[in-house]
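> Just need the structure, nothing else, for what follows:
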Amino acid sequence: MNDFGITNPELLLQALTHSSYTKDHPEVANNERLEFYGDAVLKLVFSKYLFNRFTDADEGLLTKYRARLISDDLLSTIGSQLELNKILRVGVSMYKNGAPKKLPKSMLGDTVESLIGAVYLDQGFGEAEDFILRNWADLIEQALKDATTADYKSLLQEKIQREYKKSPQYKTLDAFGPDHDKEFEIGVFIDDKLLGKARGDSKKDAGQNAAKVALESFKD
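Numbers count the residues shown, from 1 in each chain. Model (predicted):
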């Protein structure tokens with residue numbers, strides 16, 4: 001098993017233990033505390049990276065860049081690349097839902113953060129920074145481009161405010177799949193009129209997709 005540069009085997013095992021596993025084995029520590037720590041380290045690493053790389057960028061742009069670099073989508077991509085689905089310890093209930101072959105994106109991302117926390121505690125900031133930048137290396141440039149693309153909800157908000165002097169309303173229309181791997185359908189309305197609806201792996205993504213559909217409907 002890949003040790004991810006972590007020399008303390010107990011710390012490594014904790015980083016790779018989901019809370020569902022500890023429901024079956026209450027004597028074992030799960031990775032939630034390490035995830036909390038790793039999240040903070042991840043933000044610091046990319047705050048430093050962006051501050052030094054984009055010396056003329058204002059706070060708003062730096063924040064937008066960082067948000068994309070530490071997004072759930074990107075974290076889950078890293079988790080898939082590290083093949084965490086093969087080594088993460090999960091509870092019996094998860095196996096009934098297809099784990100560990102297929103794990104929710106959020107679970108993969110959370111485990112990446114727990115590994116970052118473990119690397120930091122075991123090896124210090126320098127090694128944690130190297131771990132992050134090495135695993136993100138092939139994704140950074142595209143993520144920065146994605147960060148500056150259109151925010152469909154903001155664009156729709158501006159259009160609806162301009163034309164109707166109101167704000168669009170987002171409603172959850174349906175949810176699909178087991179609790180650990182939900183897909184949501186969101187509709188966007190003006191008064192009671194449905195402007196568009198779409199699905200996504202999170203309510204946030206589904207809302208953005210619905211806003212995009214609504215914007216496209218105005219072009220017809």
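> Any idea which residue is closest to the centre of the protein?
The chain has Asp72 as the residue nearest its centroid, 0.6 Å off, counting by C-alpha atoms, centre = their mean.
> so who does that residue touch?
Contacts for Asp72 were tallied using C-beta atoms under 8 Å, 6 or more residues apart in numbering; they are 105-106, 109, 202. Heads up, the C-betas are built off the backbone N, CA and C, glycines and all.
> That one and Gly5, how far apart?
Distance, Asp72 to Gly5, using C-beta to C-beta, to the nearest Å: 24 Å.
> sorry, back to before: adding secondary structure, write the contacts of Asp72 out as CSV.
Output for the contacts of Asp72, formatted as CSV (DSSP: H, G, I helix; E, B strand; the rest coil):
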residue, secondary structure
Lys105, helix
Ser106, helix
Gly109, helix
Ser202, coil
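> are any of the residues you listed buried, and which?
105-106, 109, 202 (16 or more other C-beta atoms under 10 Å).
> nearest to Leu155, of these?
Of all the buried ones among the contacts of Asp72, Ser202 has the smallest distance to Leu155: 19.6 Å, by C-beta to C-beta.
> And that closest one, its phi and psi?
phi -140, psi 160 (degrees, to the nearest 10).
> hang on, the earlier thing: format the buried ones among the contacts of Asp72 as JSON lines; extra columns: distance to Val28 and pLDDT.
Below are these laid out as JSON lines (distance: C-beta to C-beta, whole Å; pLDDT from 0 to 100):
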{"residue": "Lys105", "distance to Val28": "24", "pLDDT": "83"}
{"residue": "Ser106", "distance to Val28": "21", "pLDDT": "85"}
{"residue": "Gly109", "distance to Val28": "22", "pLDDT": "94"}
{"residue": "Ser202", "distance to Val28": "29", "pLDDT": "87"}
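> which two in the residues you listed are spaced the farthest apart?
Applying C-beta to C-beta across the buried ones among the contacts of Asp72, the maximum distance is between Gly109 and Ser202, 11.2 Å.
> and Ala206, that one's in a helix?
Yes - membership of Ala206 in a helix is supported by three-state DSSP.
> lowest average confidence, helix or strand, in the protein?
helix 92-96 (a mean of 76; mean pLDDT, DSSP states H and E).
> now for it, which elements pack on it?
Applying 3 or more C-beta pairs under 8 Å, 6 or more residues apart in numbering; DSSP states H and E, we find helix 92-96 packed against helix 19-24.
> which residues sit against the helix it packs on?
Residues contacting helix 19-24 (C-beta under 8 Å, 6+ apart): 28-32, 89-94.
> In the protein, where's the longest helix?
Counting residues, the longest helix in the chain under DSSP state H turns out to be helix 32-53.
> Give me the buried positions along it.
Within helix 32-53, the residues scored as buried using 16+ other C-beta under 10 Å are 32, 34-35, 37-39, 41-42, 45-47, 49-50.
> do stretch 13-25 as well
For stretch 13-25, by 16+ other C-beta under 10 Å, it's 13-18, 20-22.
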